[in-house]
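Trainee: Give me a model of this one.
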Amino acid sequence: MSPADRSDAVGRCRALVVGYHRDIDSGRATAGIGAFADDAEFEAHGRVFRGRDEILGFLGAREADTGRQTVHVLANEVVTGQDGEDDGRDDRRVELRTMVLLHVRRPDGAYVLDRVLDTVHRFRHSGGRWQITHRLSRPLHPTV
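Mentor: Here you go, the predicted structure:
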């Protein structure tokens, strides 16, 4: 894979992560399901949701919780793995590690840092597009 292809692949994968967090923050969490592969695993709140149906259930519950307004800020992004050559194969992979700073809106309207998560997103290029196959997270900062 050429350096330009690498940066394009990483850029597309990063856009998936930013996009589904933006969907959550805008109250449309279920719109983010398109970022995930059918067999994806999504770790959140100490649980693992397997497959698009379980992930969609999690996102639907999040969307229904209209009283919880959030802002996710991504920081310290590092590509921790990448393989696959631009040789016609449709099995390229990327792994992106990032910190997610989760801010929650208080009743007075101010947003406060709720937690910091160390996340790893793994991606697979299949069917001509990138999709998230795994989302792993570990809290770095206790709930405030």
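
Trainee: Could you list the residues in contact with the lowest-mean-pLDDT helix or strand in the chain?
Mentor: The helix or strand of the chain with the poorest confidence is helix 3-25; it has a mean of 84 (mean pLDDT, DSSP states H and E). Helix 3-25 has contacts (Cβ atoms under 8 Å, 6 or more residues apart in numbering) with 1, 29-32, 35-36, 59, 62-63, 69-72, 74, 77, 79, 82, 86, 92, 94, 96, 98, 100, 121, 123, 125, 130-132. For the C-beta atoms, the positions are set from N, CA and C on the backbone; glycine is no exception.

Trainee: so how far is Ala61 from His103?
Mentor: 20 Å (Cβ to Cβ, to the nearest Å).

Trainee: the more surrounded of the two?
Mentor: Per other Cβ atoms under 10 Å, whichever of His103 and Ala61 has more neighbours is His103, with 18 against 11.

Trainee: The more buried one should be in a helix, yeah?
Mentor: No - applying DSSP: H, G, I helix; E, B strand; the rest coil, one finds His103 to be strand, outside a helix.

Trainee: Look up the pLDDT of it for me, please.
Mentor: At His103, the pLDDT value in this model is 97.

Trainee: How about Arg135?
Mentor: Looking at Arg135, its pLDDT is 97.

Trainee: do the same with Glu85
Mentor: pLDDT for Glu85: 49.

Trainee: ditto for the one 3 residues further on
Mentor: Here the pLDDT value assigned to Gly88 is 50.

Trainee: ok, back up a step: filter the contacts of helix 3-25 down to the buried ones, PyMOL style.
Mentor: Restricted to buried positions by 16 or more other Cβ atoms under 10 Å, the PyMOL selection for these reads:
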select buried, resi 29+30+31+32+35+36+59+62+63+70+71+72+79+82+92+94+96+98+100+121+123+125+130+131+132
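
Trainee: Out of the contacts of helix 3-25, which sit inside helices?
Mentor: Leu59, Arg62, Glu63 (DSSP state H).

Trainee: got the angle between the lengthiest strand in the chain and helix 3-25?
Mentor: Across the chain, the longest stretch assigned as strand under DSSP state E is strand 111-126. Going by axes from the mean of the first three to the mean of the last three Cα atoms, to 10 degrees, strand 111-126 is angled at 130 degrees with respect to helix 3-25.
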